[in-house]
Every structure is written in C-alpha cells, then in structure tokens.
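Chemist: this one's structure only:
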C-alpha cells in the first residue's frame, strides 16, 4: 500500500488524554508541506473499556470485548492500520488482532526494533509502568537481550502507581508537578542505584508529565516511537 493511502486508526480511551497525546505525535512526526500531506486518522476514544490493571491483577471486568468492538469500529470506518495508545493493553493484543483483518501495530515490538537500532549498547533498561505491565513481564518478553529493571515494590506502589492512579494523579487529570516529582524520584533511583542506561515511559500516562529533558539518561516514549513508525 502506498503510504499516502494509509489510514491510521487509534484504538483509544485508555486513557483519553493519552489518546489525544498520541494523535498529536502522529501530527508532529508526519513530514508535511500542507494539510493534505497529513494521514487520515480515525479515532475511537472509548473510555468505557474496563481498566486493564484491574482486569489483570484483581480479576476485574475483562476489557477484551470492548477493545474488539472499538477495533472493529476503526476497521469498518476505513482504517488500514490500528494502534493502541496503552502499553498494558498489549497484554490482550493477540485476542484483539485475531478479531480484525487490519494489522494492529505492536508498540512493544516496534520499540524493541527502535532500541536495537538506536541504543544497541544499552544493557539495563529502567521501566516506569503500571504494576500490571510489570507483573505480566511485557517488556521482558519483547525487549530482546536487555536487562529490565523496575522500581522496587514500595516505589512502584507509592510513587509510580500513585502518580498514575492516585487522587491527585495523571488519570485524575493532573499533569503537574505532583505526579512528575513522584515519577522522577522513581526514575532517579533506577539510574543511580540500578545503573540503568535509559528509562522507558512504560505507561502512556507517564509521557504526559516526563520529557527527555528531565533525565540524565535517554528517556524513551514508546508511543512517539510508534508514531515515527506509522508516519515514515
């Protein structure tokens, strides 16, 4: 397919702000001279998809049926490729891909290719993610030949998850100094004590508050990598 004919479908709502942020990445990473050079993009932001962490760790409602319905909406609307701006959602990737004919870009596989090419000498990688992503070993599964390090149990709960899900957290609409401070504290320990060569924003909420300028080592946003892949 000619790249100009590509129609990008965003299986969104997990969460809504991360969905909007990813769409902006698609826009920013597309080389254009005018409006018509942009990719047609179809967004189904479905915040009614049950929480992925609750489903994986606490036997909460499965998100699969709503994710499949949303993916089919994108396919029926004309998308030729889909992407999920939620890392934890990739735990259910095969179940969704099996139900639609269009390819769903696998964010973690794309991330692995990017790191192998861009940071081939990186050995230890620190990941700031939801506890569900941590417990399911998604990054260990897809980042080949890398040593994956996470915050310890206390920091994961009191800093990372608090920053994402807390009463003053990112999913509550707060992308200010509070969540940023918590995530930076967790990242700094991974850099200084675990000797991590780079840090990955392993949850799409994390990149809403952290930037590469905040880190003393490279900081990678997997969704920006996905946007690069889909637009080049």
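Modeler: Yep, that arrived. All figures in this text were calculated on a predicted structure; none of them were measured in a lab.
Chemist: per the record, what domains does this protein have?
Modeler: 8-106, 107-221 (the TED database).
Chemist: I'd like to know which of the ones you listed is closest to residue 232.
Modeler: Distances from residue 232 to each of these were compared using Cβ to Cβ; the shortest belongs to domain 8-106, at 7.5 Å. Glycine gets a C-beta too; all of them are placed from N, C-alpha and C.
Chemist: Report the distance from the closest one to the chain centre.
Modeler: Going by Cα atoms, centre = their mean, to the nearest Å, the spacing between the C-alpha centre of domain 8-106 and its chain's C-alpha centre is 10 Å.
Chemist: Give me the mean pLDDT for that domain.
Modeler: Computed over domain 8-106, the mean pLDDT rounds to 97.
Chemist: Tell me how far the lengthiest helix in the chain lies from the chain's centre.
Modeler: When the chain is scanned for its longest helix (criterion: DSSP state H), the result is helix 177-192. Averaging C-alpha coordinates over helix 177-192 and over its chain gives two centres that are 18 Å apart (Cα atoms, centre = their mean).
Chemist: now stretch 135-148
Modeler: If you compare the mean C-alpha spot of stretch 135-148 with that of the full chain, they lie 15 Å apart, counting by Cα atoms, centre = their mean.
Chemist: Over to stretch 166-184?
Modeler: Stretch 166-184 has its C-alpha centroid displaced from the chain centroid by 17 Å (Cα atoms, centre = their mean).
Chemist: Check what contacts that stretch and list those residues.
Modeler: Identification of contacts with stretch 166-184 by Cβ atoms under 8 Å, 6 or more residues apart in numbering yields 15, 17, 128, 158-160, 162-165, 205-206, 208-210, 214.
Chemist: switch to 10 Å and redo it
Modeler: Judged by Cβ atoms under 10 Å, 6 or more residues apart in numbering, the contacts made with stretch 166-184 from elsewhere in the structure are 15-18, 21, 51, 128, 151, 155, 158-165, 199, 201, 203-211, 214-215.
Chemist: Need the buried ones from those selected in ChimeraX.
Modeler: A single ChimeraX command selects the buried members of the contacts of stretch 166-184 (16 or more other Cβ atoms under 10 Å):
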select :15,17,18,21,51,128,151,155,159,160,161,162,163,164,165,199,201,203,204,205,206,207,208,209,210,215
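Chemist: Keep only those of the contacts of stretch 166-184 that are in strands.
Modeler: Counting by DSSP state E, the members of these that fall within strands are 128, 199, 201.
Chemist: Tell me how many other residues surround residue 181.
Modeler: Burial of residue 181 is recorded as 12 neighbouring residues (other Cβ atoms under 10 Å).
Chemist: List the buried residues in stretch 176-188.
Modeler: 178, 179, 180, 182, 183, 184, 186, 187.
Chemist: could you give the mean pLDDT of it?
Modeler: The model assigns stretch 176-188 a mean pLDDT of 96.
Chemist: how many neighbours does residue 123 have?
Modeler: 12.
Chemist: Repeat that for residue 167.
Modeler: Other residues within reach of residue 167 by the criterion other Cβ under 10 Å amount to 7.
Chemist: Local confidence estimate at it?
Modeler: pLDDT recorded at residue 167 is 93.
Chemist: Is it in a helix, a strand, or coil?
Modeler: For residue 167, the secondary-structure state derived from DSSP: H, G, I helix; E, B strand; the rest coil is coil.
Chemist: which residues does residue 125 bridge with?
Modeler: The bridge-partner assignment for residue 125, based on DSSP bridges, gives residue 148, residue 198.
Chemist: ok, it to residue 112 distance?
Modeler: Remark: distance between residue 125 and residue 112 (Cβ to Cβ, to the nearest Å) = 11 Å.
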